[in-house]
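**Q** how would this look folded up:
(4 chains)
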There are 4 protein chains.
Amino acid sequence: MTAERWEKLTGWPLTAAALVYLAAYSVEVLAQPRGASAVAVEAVIWVTWALFAIDYAAQLLLAQERWVWFRRHLLDLLVVVLPMLRPLRLLRLVTILSVVQRSAGTALRGRIIVYVSGASVLLIYVAALAVLDAERGAGGPIQTFPDALWWAFVTVTTVGYGDYFPVTGLGRFVAAGLMVGGIALIGVVTATLASWIVERVGAESQESGDAVARLAEEVSELRRAVEREDARGGDGAVATGSGA
Amino acid sequence: MTAERWEKLTGWPLTAAALVYLAAYSVEVLAQPRGASAVAVEAVIWVTWALFAIDYAAQLLLAQERWVWFRRHLLDLLVVVLPMLRPLRLLRLVTILSVVQRSAGTALRGRIIVYVSGASVLLIYVAALAVLDAERGAGGPIQTFPDALWWAFVTVTTVGYGDYFPVTGLGRFVAAGLMVGGIALIGVVTATLASWIVERVGAESQESGDAVARLAEEVSELRRAVEREDARGGDGAVATGSGA
Amino acid sequence: MTAERWEKLTGWPLTAAALVYLAAYSVEVLAQPRGASAVAVEAVIWVTWALFAIDYAAQLLLAQERWVWFRRHLLDLLVVVLPMLRPLRLLRLVTILSVVQRSAGTALRGRIIVYVSGASVLLIYVAALAVLDAERGAGGPIQTFPDALWWAFVTVTTVGYGDYFPVTGLGRFVAAGLMVGGIALIGVVTATLASWIVERVGAESQESGDAVARLAEEVSELRRAVEREDARGGDGAVATGSGA
Amino acid sequence: MTAERWEKLTGWPLTAAALVYLAAYSVEVLAQPRGASAVAVEAVIWVTWALFAIDYAAQLLLAQERWVWFRRHLLDLLVVVLPMLRPLRLLRLVTILSVVQRSAGTALRGRIIVYVSGASVLLIYVAALAVLDAERGAGGPIQTFPDALWWAFVTVTTVGYGDYFPVTGLGRFVAAGLMVGGIALIGVVTATLASWIVERVGAESQESGDAVARLAEEVSELRRAVEREDARGGDGAVATGSGA
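**A** From the prediction side, this is the model:
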């Protein structure tokens, strides 16, 4: 079995597993189940974890150049090995957006907007869950889910009031990921706007493309002139021949 | 009646309604009227709300593909349905800027600067009003309009000192919108500057446009050479003919 | 006297006046002189203010279209009329950087870097002076010049810890200007980097300019071919004529 | 000995010295050695300092235009003279990344990503060390290395909660450098994204490059037509000659 075939076969099942993980993780953090339900939720989380671990191992085995693959997928290894990074795996859910992409048309900027919006919502939600999980009972200011959501929003936009902030190592680790996500978010928004403005300004002023188009027309006309000349030159030769 | 005709007919009346709404909302939040005047202000607010609801319904009915229109105007629906989003409707006022645009010339970057400045001022003012409305009496630090304005400015620039911050759900919702506006603001400023610098740097170094212009000249000269040749070739043939 | 002549004549004297103003303002805020020296410093500040007011009036009178000039120089009016905006006038000092520009070479990006660095340093220094002037004795956290400088730096980079923040209206006004300056600063840095990266990436891949250059060569060769043909065609006609 | 030869000879030894300095500085700040080990660590720091001072002096002596070299290396002078800037010298370590660059391929954007990631990690680590060194025992909130790391991360992303902040002059100096680094970081991320999006959008729409390519094809075809004509025109002349 090739690596491509494996990826194709496991794509949708793994996305489904990520969704199940998200649901189970949400229930664990928000509802804080006890007894049998806690065991069930924990079991679901471990099963989905096992699926991702198996996927990682299979991809590594199937890779043509294992060392290259390993070096290029260090993040995947971290996600599988470190329990504190588990939520990151949920970003895989953004692949679901490929469905939405189709309806948003084929324009690159349209797809970027859909992707960034989806990734931002998912990032904020998962970071709020993870930070609440880490901070609850740690004596810090983040103790409820609405506060965690508010904190995640204030952090990802790099506003950072400081009314809520994580105090545990794990919570700060989640926050660091969220801040990096925030910088990427601002970067993508700015870059997309810049691309749009550069294009529009270019379209408004005399375009290099337009100049080339006019030049191409000129060349075409020239070619027709040469071909006419070619034809007439041939006639001339014939006339000369007949005149001899 | 077509959708275009409806939009054309209702454009200015709705902008006027938004202005009236802004004035009434400002009076309600800042002057906190009581008795008959409170009823009058509330009535004005409800009437303008009704106008926007009617506009939404009419546009939905007149749309050629209702489902597509509905999906593309989700924000409009939220603005009509959720009272907490009402201030957002006021951003429609920015259309008034189309008048100012004319005097700012036709350059895209000039128009962007006018539009962004207008939208920022409106966004900060409306967000300050809305957050004060939400926070007053909630025990948070934002209790006066100057403080709310200061908070809005500190938030939209993503500085976020944390001397003022919302504590109610509604206030945080307004803050979230303001932060998103701030990221968009920074993005537009940066993108406009980038477009300007890219253009200027391009103009300073040898331009691709210049190369194309020189090339076009070369081609024109070539065409004249071919046409001269064409004419002389014709003459030559004639001369040959007359020589035979 | 024309407006251009006035600007040329008053350019350096006004820059000197701005420098004197900066020195006097620094002394007033930092040394807090009393008695005769306080009167002297105040006198210097008023004289430089008068110079700028006269310059504003003269420029308005000399302008060809006074209304257009007035609308395009609203900021200058504010600087002259409102005492709280006086420090803004000092940004005129950045024109001194035109001297430094010469040694930095003629590249646009080099000049932008010099200009932005100079404007940032001036902005931070003046904002720290102005906020200290406004906040001293107002009960807020900013009470010494080093703290004011630190606050200005934290604000202009949009970090905004919140350990220092203005509490007076005037101080917040200065802060708002500083935040706007910070957004512009980030925007210019990003835009300059973007322009550099876009150029370098373009230079690395096959350049559109290169393609045009190769095309121009092709056209030149073509033209030489046509001219050779032209010459030979003429010879042919001559040969035919001599053959007749 | 020329300046180029000196730079080539001392490149790797100086990078090694910077690494040794980083290790010794880390030990001094984190382990706070006493007695003989403190003396040893201090000695290592002074020896590496001396190496950099010698390098600075040698480069200045070997420079062809000393004054130009001096003006362009003001930062190097500051690093050698001011003890508080010593950590900056460690950024030289990023040259080690040139090794990693090779494996990341030759694409400019790939190299930028590797360089920025490496510089960010080094900047955060060194700034955390330096601020802890400055703040420890000063009564501010930053008293442990994990807190200093967290503070550095919150600062470089310009989030700035304000739960930790420096209170000493030296600590604030380090913070200022970190903030400038943060703005540069955001700028580089955004600019790289912008370059990528501009390129992709350009590739998706009709490219100016494509138009030039089509034009080049047209010109080639034209040239072939002219050459065919040239050849036939020659034949015609020969035919005419033979007909005479």
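
**Q** domain assignment for chain A?
**A** Per the record, chain A has its domains at A:1-81, A:91-205, A:206-237, by automatic domain parsing.

**Q** Report the central residue of chain A.
**A** Chain A has A:Y115 as the residue nearest its centroid, 6.0 Å off, counting by Cα atoms, centre = their mean.

**Q** Quickly find the element holding it.
**A** Assigned by DSSP states H and E, A:Y115 belongs to helix A:108-135.

**Q** for that helix, which positions count as buried?
**A** Buried residues in helix A:108-135, defined by neighbour count with 16 or more other Cβ atoms under 10 Å in any protein chain shown: A:108-109, A:111-112, A:114-116, A:118-120, A:122-135. (Glycine included, C-beta is placed from N, CA and C.)

**Q** Which helix or strand contains A:I197?
**A** Under the criterion of DSSP H and E, A:I197 resides in helix A:169-204.

**Q** Show me what that helix is packed against.
**A** For helix A:169-204, the packing partners by 3 or more Cβ pairs under 8 Å, 6 or more residues apart in numbering or on different chains; DSSP states H and E come out as helix A:108-135, helix A:145-156, helix B:108-135, helix B:169-204, helix C:169-204, helix D:145-156, helix D:169-204.

**Q** The fifth one relative to helix B:145-156, how many degrees between them?
**A** By that I understand helix C:169-204. For helix C:169-204 against helix B:145-156, the angle by axes from the mean of the first three to the mean of the last three Cα atoms, to 10 degrees is 20 degrees.

**Q** How about A:I142, nearest residue that isn't a chain neighbour?
**A** A:E135 (4.4 Å; Cβ to Cβ, 6 or more residues apart in numbering or on different chains).

**Q** Wait, that neighbour touches A:R172, no?
**A** No - applying Cβ atoms under 8 Å, one finds A:E135 not in contact with A:R172, separated by 9.7 Å.

**Q** Can you check which residues contact both of these two?
**A** Here A:E135 and A:R172 have A:P166 as joint contacts, going by Cβ atoms under 8 Å, 6 or more residues apart in numbering or on different chains.

**Q** what separates the residue of chain A found nearest chain C from B:D147, distance-wise?
**A** As assessed by Cβ to the nearest Cβ, chain C sits closest to A:G162 within chain A, at 5.3 Å. With distances taken as Cβ to Cβ, to the nearest Å, A:G162 is found 17 Å from B:D147.

**Q** Tell me which residues of the helix holding A:I197 come out buried.
**A** Buried, per 16+ other Cβ under 10 Å, within helix A:169-204: A:170-179, A:181-199, A:201-202.

**Q** circling back: columns mean pLDDT on top of the domains of chain A, output as a markdown table?
**A** Output for those, formatted as a markdown table (pLDDT from 0 to 100):
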| stretch | mean pLDDT |
| --- | --- |
| domain A:1-81 | 85 |
| domain A:91-205 | 82 |
| domain A:206-237 | 62 |
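
**Q** returning to that earlier point: quick one, the helix holding A:Y115 and helix B:169-204 angle?
**A** 140 degrees.

**Q** Okay, and A:P13 sits in which element?
**A** Using DSSP H and E, A:P13 maps to helix A:3-30.

**Q** Show the subsequent helix or strand relative to that helix.
**A** helix A:35-62.

**Q** Show me what that next one is packed up against.
**A** helix A:3-30, helix A:66-72, helix A:74-81.

**Q** List the single closest residue to A:V189 in space, sequence neighbours excluded.
**A** With sequence-adjacent residues excluded and distances taken as Cβ to Cβ, 6+ apart, A:V189 is closest to B:G187, at 4.4 Å.

**Q** Give the full set of residues in contact with the one you found.
**A** With Cβ under 8 Å, 6+ apart, B:G187 has these contacts: A:186, A:189-190, A:192-194.

**Q** Next one: it from A:V156, what distance?
**A** For B:G187, the distance to A:V156 (Cβ to Cβ) stands at 15 Å.

**Q** how far away is A:V121 from chain D?
**A** Computed as Cβ to the nearest Cβ, to the nearest Å, the A:V121 to chain D distance reads 20 Å.

**Q** buried stuff in the helix holding A:P13?
**A** By neighbour count with 16+ other Cβ under 10 Å, helix A:3-30 contains the buried residues A:6, A:10, A:14-15, A:17-18, A:21-22, A:24-25, A:27-29.

**Q** Ok, stretch A:45-60 next?
**A** For stretch A:45-60, the neighbour count (16+ other Cβ under 10 Å) marks A:45, A:48-49, A:51-52, A:55-56, A:59 as buried.

**Q** Next up, phi/psi of A:T157, please.
**A** phi -90, psi 0 (degrees, to the nearest 10).

**Q** Just to check, it is in contact with B:L178?
**A** No - the pair A:T157 / B:L178 is not scored as a contact, 9.4 Å apart, by Cβ under 8 Å.

**Q** For these two, list the residues in contact with both.
**A** Shared contacts of A:T157 and B:L178 (Cβ under 8 Å, 6+ apart): none.

**Q** re the thing from before, next, the angle helix A:3-30 makes with the helix holding A:Y115.
**A** In terms of direction (the same axes, to 10 degrees), helix A:108-135 departs from helix A:3-30 by 50 degrees.

**Q** what distance separates helix A:108-135 from the middle of the whole chain?
**A** Helix A:108-135 sits 10 Å away from the centroid of its parent chain (Cα atoms, centre = their mean, to the nearest Å).

**Q** That one packs against which elements?
**A** Contacts defined by 3+ Cβ pairs under 8 Å, 6+ apart place helix A:108-135 against helix A:3-30, helix A:97-103, helix A:145-156, helix A:169-204, helix D:169-204.

**Q** Need those helices in JSON lines (columns: distance to B:A63).
**A** Shown next, in JSON lines, are the helices and strands packed on helix A:108-135 (distance: least, Cβ to Cβ, whole Å):
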{"stretch": "helix A:3-30", "distance to B:A63": "33"}
{"stretch": "helix A:97-103", "distance to B:A63": "17"}
{"stretch": "helix A:145-156", "distance to B:A63": "33"}
{"stretch": "helix A:169-204", "distance to B:A63": "26"}
{"stretch": "helix D:169-204", "distance to B:A63": "29"}
